[in-house]
Structures are given as structure tokens and as C-alpha cells.
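Enquirer: Coordinates for the following, if possible.
(2 chains)
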Amino acid sequence: MRHMQILKAVVEPLIEQALAQVGITNDHWRSMLAPSRELDQGDLSLPCFPFAKQLGKAPPAIAEALAEAMATHEAVGEVNAVGGYLNIKASPTWLASTILQSPQTHGHPFGQCQPTGRRILIEHTSANPNGPFHVGRARNAILGDSLVRLHRLYGNEVRAEYYVDDMGKQVGVLAWALKHLSHEDVEATLEGREALNPKWKGKADHERVRWYQAAQVIRQERADKEAIEQEIGRMVHASEHGDQDVLDDFQAAYQPVLDGMLTTLARLGINFDTFTKESMFVTNGDVSRLMEQFRGFDIHGTADNGAEFLDLGARGLKGKTEFFFRRGDGSSLYATRDIAYHMWKWQQCDDLINVLGEDHKLQAKQVGMTLTELGQKVPEVMFYSFIKLPEGKMSTRKGNVVFMDDLLEEASEQAAAVVGVLRPDYEEEEVKAIADAAGTSAVRFNIIKVSPEKGFTFRWEEALAFEGGSAPFVMYSHVRACSIVRRCESEGIDVDAEMSKVVNSIPTEMSSGMVGLLRSIAVHNDVLAKAVNDCRPHLFANQLLNLATCFNSFYRDCMIVIDGEVNTFNLQVSEVARRLMRTGMEGLGIAPIEHM
RNA sequence: GGGCGUGUAGCAUAGCUGGAUAAUGCGUUGGCCUCCUAAGCCGAAGAUCCCGGGUUCAAAUCCUGGUACGUCCGCCA
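Expert: Numbering: from 1, shown residues only, chains lettered A, B, ... in the order given. Next comes the predicted model:
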């Protein structure tokens, strides 16, 4: 259902003919034919300024001449020339009948594109399992999951993957703390800091992070800190050489934390298909084989202490060009394992997408260049800028964090307060269900709707905004569409039967609400395609907002049931919009509830 | 110091493969519920698109030089 492309395909030959009549035969104009800015200007516009020179005529005159020369077509409603622009307006009747006759209007996976057969592996989040999810980490998870959902909506076969960092210092510290510190030790060390929120008692990510935090303090302050550092160092070293006992200890330490984090993510509708442990590439020998292979490269180098690197300067990398892949003691580095991981991932998909914070840009560049060196493809990466607090950067260490669990609680509570005022007659249980859906969706949408590279400052009042350009706004439009269906049913109207009717008397005069909605429906899947192919979910968020806004105007202008009589045309358009809203909401992880 | 990113009404953003009067939400402000949910709709006010230079018939958009902020420049992960 990509109607704007259909329109363009219809209009292009007409324009080509008209241009030929006027005396233009080259092809440059094709890229200039673009969607118009304003609805009253038309749907497609062609600026005529570039033709002025070669024709020796003023642009407005050329536009006039083109408008004259344009052949008529059922898809083209109106052609006019305004100030050097040739404006072409689609016939609303044509638009409506194309939309309603589209196979997807009647088929089941409505609003969904055809399966493409492409297998995409999207790796996102992959946060270190050492503490609860905070909103600083949330952008990765929310953007990544939206990408997963949008790719599925588009028809791709997607696997959502979490790379578990199960070795190295962070987990090492956690494991050490859990082994050596008692509950009392921890509380004594953290005295004066914010206590564990009683609400999260029993949730391992919240409980165990206190051990981690206490260890961080002790590593700085305690008298035997050197001995501690040595012990942690030994464990980390063992893990990096694939010592299975140590890795098992580590897993026992982090797994409950990871499970707690995943519980939080699940509340936001974020789930993963597969988890891959970093240590796998050490224990299965991939990493050592890889390091051997690097030795044969002409850009390979060795430092004084035996550490090894690739000199990527020879491949055009600027700045510090030595990319170390092996320490002096022979162990591998994070990036080395990451390369082994990528080679493994490439065996399982057609396209690879990683979601990474902007701090990983250099790292990703190095990994990408090394993959090229290995004859591998380079993954596509979506980078995002960090979420910070008005007071500055979020840091678990400093304690200025907003935990996702707390944010979601707050979101539910505030949403419940709103629902309580707006719907005083609802049962408590009903209010809670609506508030949960609205709250978590609002938090997600608030993050999705801005472009990832933009810096983001977390503000409660924005995260919990329930009107205007928010998730509840979209949800509300969808609910209205649902209530139309309910209304039809209560009037004894068979909606399925109405939907399968062929409307042969599409009105020639339509309200602005109707035309606006048809236009929004027409571009919907074009925007989806762009959002997916360019890795920019916010484009689709904006489209969904636009669709909801247009639906609200349509709702004002077009009654569907009057005195028990149904207007079949209006109902069909409403249903198309409703299902597009529903699938679109699912594509962004907004709860498509039918009542609120 | 070098690389990358960002700078658009009071606030938060969209627009960045050049095209018309710079779009949206919040906030401010005026209207709309005998009618499918007013979490809505219709209107008003509000902009030196960070600054300078350049390319072009045309620049928020491209080039260049500044500037402010973020981020990276471990044999950490």
C-alpha cells in the first residue's frame, strides 16, 4: 500500500509528455518532483525555475504552459500553476478507491507489508549485568526494540540479540563482592547513601548492585585494597583465558541481576530472542584463531611488552591508529572478542544492525575496518546520544540515576491519576490496566520520537506527558476508532460484511478531515519503508502522530453511524486507519488497547 | 590538540538527498460537548533557523571559517 509511489508512477509519464511539448527532454526533473508542503497546494509539486534558462522564459509562464499541456488522468484531480510551481493534486476519489481496493485492506495482516525473506540480526542493549536498568541505558533498549518491531512490521525476519558481557572487570567486581561481603558489610559501607527502595526488595538487580557499589568504595578505601585488587585481577585474568570455574562463578553472580533487568525491559514490551555470552568466543577458540590470523596481516605490529596491534592508519584511520587486539600477557581484549562475535553473527543473517551509544563510535569504526580486512561485511550501526539528567550525566557510581523501575512506577501512578479524573466511573482494576499501558507507552514514545543523534535530557514532566504528541494521544485516536466498531455492533451492524462491500459511489466532494486522513494513509507505508531502511524510527513515530491527528479531524467531520444507519464508505476508511494505527503502535511498542 | 555529533519561537522537537508563507507539541490566548470517548477539535499570538563568508535562479538544508555544548582519542569493558 504505497499510494504516493503509485501516484508518482502515474504522474511522471504525464509530466514527461508535457515537458516534451514545452521543449524539455532531459531527466533531471525527476528528482525535483516532490511531495508538496501544504495540502491546498496539491500532493506533488514540480518547481520550474531550472527550466527558465534553457527555455528563455519566466518560471511562472513555464508552469502555466506545463499545466496546459498535462493530459488528464483519473488519478489527477487538479493541476495548477502557482508562482513557478506546477502543482498536481491527486483526485481524492481515486485515492479513496485505490486505498479501499488495495488487497491489504481486505487481507488479514492489514497494514503489514509482504514478507521480504530478509534475515536481520539486531543486537541492542547488551548492558553490563551489574545493576538495575536506568533511563540512561533506556535509549538503546527502546530504540533497538522499536527497530526490531518496525523491521518485523515491514516484513523482515528479525532476531533480537543480547550480547552478555559475562567476563571482565565489572562482573569480576560483582562476583568478588558477593563472595566476600556480608549484608552488614555492604550496608555499613554504603551508609549515608540512598537506601534500597523497599519496593524493589527481592529484585536481584536492585539488591546486588549494592554489593557492587560497596565493592567500588572498598576498592578505593580499605587498607587491604591492593590484595583485593590482586584477587579480582586473578579472577578477571582467569575469565579471559576461559577458566570455566571462574566463568561459572561469574554467571552465578550476574544471572539474577540480568534476569531482573530483563523483567524491567519486559514491562516496556522489550524482549530478546537470543542471548550470546562473550566468553563463548574465548572458550570455543575463535578468539585465539582470530589473533593468529591477525599476525599474518601486513598491518600487524608488536609493542615492547609483546602486546599486539593492527595499524589502521595504513587503511586511513586518523588520530591514534594502533588498534590493540592482544595484551602483553597474551589475553584478548573486548574488541577482539567483539570481532569474533561479529564473524559469528554474519554466518546467521543477511543484515546486521547494532545499536550503540555515541561513545562507541571509534570502537565500531575499528571493528568495522578490521572486519573489512578479514573480508567480512561491516554491520550497520545506529548510534544514539546519551540521556542525561538536568543536573548532568547519569552515573550509578555517583548515585544520580533514575531507575527504569521507578520511572515506570511513577508513570503508572501519574497515568492512574489522570484516568481517575477523566473516567471517574471506571473500576479500580480497569484504571490500573489503562494506566499501566498509557504510562509505559508514554515513556517509550517520548524517547522514540526524537532523532537518536540528538542529545536528550530526561525530564519527568516530558516523559509523563499524556497529551499532544504523546503515546496516549495516539492511543486515544485508536480507542475512538475502536469505539466506532463497538457502536456499529451495538446497532446490529455487521462490520465484516460492511468491509467486504465494494463502495461504488465514492463521494466526489469530501470534507477536509476525510481528504487529510486519506493522504496520511496514502503515505503511511512509504514512511515505514524509509524509517526501516534508514534506521530512523522517529520518522515512523511522527507518521503515527500525523495519522492520529488526521483521524481526529476525520472523526470530527465524518459520522459513521447516524440514526442506526451506517455510512459504509466512512466506516471502511475508518477501519483502514484503525488497523494502520494498531499495527503502527505495535511497531513502536505502544500498547494498542481498545478502551481508555 | 585531533575525530565525530548537535545548535531551529519562552521550552522540547520535526524538517537537513537545496525549492513556495519554516511544521508539531508544551506553555500563553479565544472558541467548540442534546450527536460514534473533549487524553479531542477549530482559531490567535509567538522565529536574526548559533555567528561570519561562499556556491546557486533558490540555502534551516550544500561548502568554508568561527563559536557553544556533548562524546571519543586505555595494552578498560
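Enquirer: C-alpha only now, for contacts and for neighbours.
Expert: Will do.
Enquirer: excluding its backbone neighbours, what's nearest whatever residue of the stretch 151-300 of chain A ends up closest to RNA strand B?
Expert: With distances taken as Cα to the nearest atom of the strand, the stretch 151-300 of chain A approaches RNA strand B most closely at A:Gly168, which sits 4.2 Å away. Nearest-residue entry for A:Gly168: A:Val236, 5.3 Å, with adjacent residues in sequence omitted and distances by Cα to Cα, 6 or more residues apart in numbering.
Enquirer: what's near enough to touch that neighbour?
Expert: For A:Val236, the set of contacting residues under the criterion of Cα atoms under 8 Å, 6 or more residues apart in numbering consists of A:Met167, A:Gly168, A:Lys169, A:Gly172.
Enquirer: any idea which element it lies in?
Expert: Under the criterion of DSSP states H and E, A:Val236 resides in helix A:225-240.
Enquirer: Please enumerate residues in contact with the next helix or strand after that helix?
Expert: Once the chain leaves helix A:225-240, the next helix or strand it forms, by DSSP H and E, is helix A:244-267. The set of residues that contact helix A:244-267 without belonging to it, under Cα under 8 Å, 6+ apart, is A:129-133, A:141, A:166-167, A:171-172, A:174-175, A:178, A:203-206, A:208, A:235, A:238-239, A:271, A:279, A:404-405, A:440.
Enquirer: Break chain A into its domains for me.
Expert: Under automatic domain parsing, the residue ranges defining each domain of chain A are A:3-90, A:128-300+A:341-393, A:404-588.
Enquirer: Can you measure across the last one, start residue to end residue?
Expert: Using Cα to Cα, to the nearest Å, the gap from the first to the last residue of domain A:404-588 comes to 18 Å.
Enquirer: The helix holding A:Val236: how far from the chain's middle?
Expert: In terms of Cα atoms, centre = their mean, to the nearest Å, the centre of helix A:225-240 is found 39 Å from the chain centre.
Enquirer: For that helix, buried residues please.
Expert: Of the residues in helix A:225-240, those with enough neighbours to count as buried (16 or more other Cα atoms under 10 Å) are A:Ile228, A:Ile232, A:Gly233, A:Met235, A:Val236, A:His237, A:Ala238, A:Ser239, A:Glu240.
Enquirer: ditto for stretch A:384-398
Expert: In terms of neighbour count (16+ other Cα under 10 Å), stretch A:384-398 has its buried residues at A:Tyr384, A:Ser385, A:Phe386, A:Ile387, A:Lys388, A:Leu389, A:Met394.
Enquirer: show me which of those neighbour RNA strand B.
Expert: When contact is defined as Cα under 7 Å from any atom of the strand, the buried residues of stretch A:384-398 meet RNA strand B at A:Ser385, A:Phe386.
Enquirer: Of the buried residues of stretch A:384-398, which is the nearest to A:Leu371?
Expert: Proximity to A:Leu371 was ranked across those by Cα to Cα; first place goes to A:Tyr384, at 22.3 Å.
Enquirer: ok, the closest one to A:Phe297 distance?
Expert: 33 Å.
Enquirer: would TSV of the buried residues of helix A:225-240 with distance to A:Ala497 and pLDDT be doable?
Expert: Converted to TSV, the buried residues of helix A:225-240 look like this (distance: Cα to Cα, whole Å; pLDDT from 0 to 100):
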residue	distance to A:Ala497	pLDDT
A:Ile228	74	94
A:Ile232	70	94
A:Gly233	71	92
A:Met235	68	94
A:Val236	66	92
A:His237	69	90
A:Ala238	68	92
A:Ser239	64	92
A:Glu240	65	88
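Enquirer: Now those in JSON lines, please, with extra columns for distance to RNA strand B.
Expert: As requested, the buried residues of helix A:225-240 are arranged in JSON lines below (distance: Cα to the nearest atom of the strand, whole Å):
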{"residue": "A:Ile228", "distance to RNA strand B": "16"}
{"residue": "A:Ile232", "distance to RNA strand B": "12"}
{"residue": "A:Gly233", "distance to RNA strand B": "10"}
{"residue": "A:Met235", "distance to RNA strand B": "12"}
{"residue": "A:Val236", "distance to RNA strand B": "8"}
{"residue": "A:His237", "distance to RNA strand B": "8"}
{"residue": "A:Ala238", "distance to RNA strand B": "11"}
{"residue": "A:Ser239", "distance to RNA strand B": "10"}
{"residue": "A:Glu240", "distance to RNA strand B": "7"}
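Enquirer: Quick one: the helices in the stretch 201-350 of chain A, in order.
Expert: Shown for the stretch 201-350 of chain A, the helices assigned by DSSP state H, counting those that start in this stretch span residues A:204-221, A:225-240, A:244-267, A:280-283, A:286-295, A:334-346.
Enquirer: Could you say which of these is packed most deeply?
Expert: Each of the helices of the stretch 201-350 of chain A was given a mean neighbour count from mean count of other Cα atoms under 10 Å, and the largest, a mean of 21, is that of helix A:204-221.
Enquirer: what's next to it, contact-wise?
Expert: With contact meaning Cα under 8 Å, 6+ apart, helix A:204-221 is reached by A:130-132, A:173-174, A:177-178, A:181, A:186, A:189-190, A:196, A:200-201, A:225, A:228-229, A:256-261, A:397.
Enquirer: hmm, try it at 7 Å
Expert: Identification of contacts with helix A:204-221 by Cα atoms under 7 Å, 6 or more residues apart in numbering yields A:130-132, A:173-174, A:177-178, A:186, A:189-190, A:200-201, A:225, A:256-258, A:260-261, A:397.
Enquirer: what's the pLDDT at whichever residue of the stretch 251-400 of chain A sits closest to RNA strand B?
Expert: Nearest to RNA strand B in the stretch 251-400 of chain A, going by Cα to the nearest atom of the strand, is A:Asp359, at a distance of 3.5 Å. Model confidence at A:Asp359, expressed as pLDDT, equals 94.
Enquirer: any idea how far it is from A:Arg295?
Expert: Noted for A:Asp359: a distance of 28 Å to A:Arg295, by Cα to Cα.
Enquirer: cool, A:Ala63 as well?
Expert: 65 Å.
Enquirer: A:Asn284 too?
Expert: Distance from A:Asn284 to A:Arg295, by Cα to Cα: 20 Å.
Enquirer: repeat for A:Gln213
Expert: Summarising the geometry, the distance separating A:Gln213 from A:Arg295, computed by Cα to Cα, is 40 Å.
Enquirer: Pull the contacting residues for the closest residue to A:Ser451 other than its chain neighbours.
Expert: If you skip the residues right next to it in sequence, A:Ser451 has A:His538 as its closest partner in space, 5.8 Å away by Cα to Cα, 6+ apart. Applying Cα under 7 Å, 6+ apart, one finds that A:His538 lies in contact with A:Ile448, A:Lys449, A:Val450, A:Ser451.
Enquirer: residues in contact with the third one?
Expert: Contacts of A:Val450 were listed using Cα under 7 Å, 6+ apart, and they are A:His538.
Enquirer: Which pLDDT does the model give it?
Expert: Reported pLDDT at A:Val450 in the predicted model: 96.
Enquirer: how much space is there between A:Asp350 and A:Glu491?
Expert: Here the criterion is Cα to Cα. By it, A:Asp350 lies 50 Å from A:Glu491.
Enquirer: what does the stretch 151-300 of chain A have sitting close to RNA strand B?
Expert: Contacts of the stretch 151-300 of chain A with RNA strand B, taken as Cα under 7 Å from any atom of the strand, map to A:Asp165, A:Met167, A:Gly168, A:Lys169, A:Gln170.
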